[in-house]
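[1] task: produce atomic coordinates for the following.
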Amino acid sequence: MSDEVELKQQLKAMIVERLFLKVSPEEIPDDANLMETYGVDSVNIFEIVVGLEDEFGISLAEEDFSIEAFATVEGIAELVTQKRG
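    All right, here's what the predicted structure looks like:
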């Protein structure tokens, strides 16, 4: 399994767990708009950010926050990959 696929699986599991979504991580498409599909809002995004910092040991700066970056699992995975260097 590629690192990218594994990262996306980790992200989906973390998102489901932290946001108490009533879906399994496998059910979330990589390109699904989290806001439109799962009702993710700014409070949820803050929870995702805390999860990213806890689970991946990255720090996010103010300029890292954009709707595009957090709209999909793909976008979040790209952000994590960039931050991990």
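[2] quick one: buried residues of stretch 50-66?
    Within stretch 50-66, the residues scored as buried using 16 or more other CB atoms under 10 Å are 51, 52, 56, 58. Glycine gets a C-beta too; all of them are placed from N, C-alpha and C.
[3] if I look at the last one, how far off is residue 20?
    When you say that, I think you mean residue 58. Distance of residue 58 to residue 20, computed by CB to CB, to the nearest Å: 23 Å.
[4] picking up where we left off before, which one of the buried residues of stretch 50-66 is nearest to residue 74?
    residue 52 (14.5 Å; CB to CB).
[5] and the helix or strand hosting the closest one, how far out from the chain middle?
    Taking DSSP states H and E as the criterion, residue 52 maps to helix 42-56. Distance of helix 42-56 from the chain centroid (CA atoms, centre = their mean, to the nearest Å) equals 8 Å.
[6] helices and strands around that helix, which ones?
    Applying 3 or more CB pairs under 8 Å, 6 or more residues apart in numbering; DSSP states H and E, one finds that helix 42-56 contacts helix 3-19, helix 73-84.
[7] what's the shortest one packed up against?
    Here helix 73-84 is seen to pack against helix 3-19, helix 42-56, helix 67-71 when contacts are counted using 3+ CB pairs under 8 Å, 6+ apart.
[8] reformat those as a markdown table; add distance to residue 81 and mean pLDDT.
    A markdown table is the format used below for those (distance: least, CB to CB, whole Å; pLDDT from 0 to 100):
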| stretch | distance to residue 81 | mean pLDDT |
| --- | --- | --- |
| helix 3-19 | 7 | 97 |
| helix 42-56 | 10 | 95 |
| helix 67-71 | 12 | 92 |
